[in-house]
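Asker: based on what follows, work out the 3D shape:
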Amino acid sequence: MSGPGPGQALFHFVRHWSRRWNAGAERGRDVMVAEAVHALDGRPEITVNEVAAELGLDQSGASRLVARAAGRGYLAVTASAADGRRRTVELTGKGRELLRDAHAWQEAVFARLTGDWTREERADFHRAMLRLMSRSPELTAGLAGEKVTRA
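Answerer: Below is the predicted model:
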């Protein structure tokens, strides 16, 4: 197979679609922070620092994103019950609606991109993506100061 290697293709694909979603940059940022809060759901409290870690941002950058999304009604920010110096974050009904719309758009894009694929090809690709994502946390933890070397 000619062209970029699979790793390059993966990162090109991610960059391509992250730019397309962020074409409506403000809405894209709101979805990004709402997705982060959603991914952390189930914890006793979700703090701004946890949102920052989920997004791979520093605390001040995440704090700005959280404040902007809260100002638009997508998130509720309150003082922590455990430590009043910390702020906790949760999705509002409007935030859950934002995510429903974003997820519907994502599914529609996938359906269009794979419109000429068989049902089995779609299912195989979906399973492969889920496998990649399940390995991602362990790899990203190990890559934190790793230098890029040639194989």
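Asker: which residues touch whichever helix or strand residue 7 is part of?
Answerer: Using DSSP states H and E, residue 7 maps to helix 6-21. Helix 6-21 has contacts (Cβ atoms under 8 Å, 6 or more residues apart in numbering) with 3-4, 28, 31, 109, 132. From N, CA and C alone the C-beta is placed, and that goes for glycine too.
Asker: could you look up the SS state of residue 137?
Answerer: Secondary structure state of residue 137, per DSSP: H, G, I helix; E, B strand; the rest coil, is helix.
Asker: pLDDT at it, what is it?
Answerer: Confidence at residue 137, expressed as pLDDT, is 75.
Asker: same deal with residue 21?
Answerer: Confidence score, pLDDT, at residue 21: 57.
Asker: swap in the one 4 residues further on?
Answerer: For residue 25, the pLDDT comes out at 62.
Asker: that older thread, and the buried ones among the contacts of helix 6-21, selectable in ChimeraX?
Answerer: Filtering those down to the buried ones (16 or more other Cβ atoms under 10 Å) takes a single ChimeraX command:
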select :28,31
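Asker: mind listing which of the contacts of helix 6-21 are in helices?
Answerer: Using DSSP state H, the subset of the contacts of helix 6-21 located in helices is 28, 31, 109, 132.
Asker: residues near residue 69, how many?
Answerer: 28 (other Cβ atoms under 10 Å).
Asker: return the residues in contact with it.
Answerer: Residue 69 touches 29-30, 33-34, 75, 95, counting by Cβ under 8 Å, 6+ apart.
Asker: tell me which of these has the lowest pLDDT.
Answerer: Least confident entry in the contacts of residue 69, by pLDDT: residue 29, with 89.
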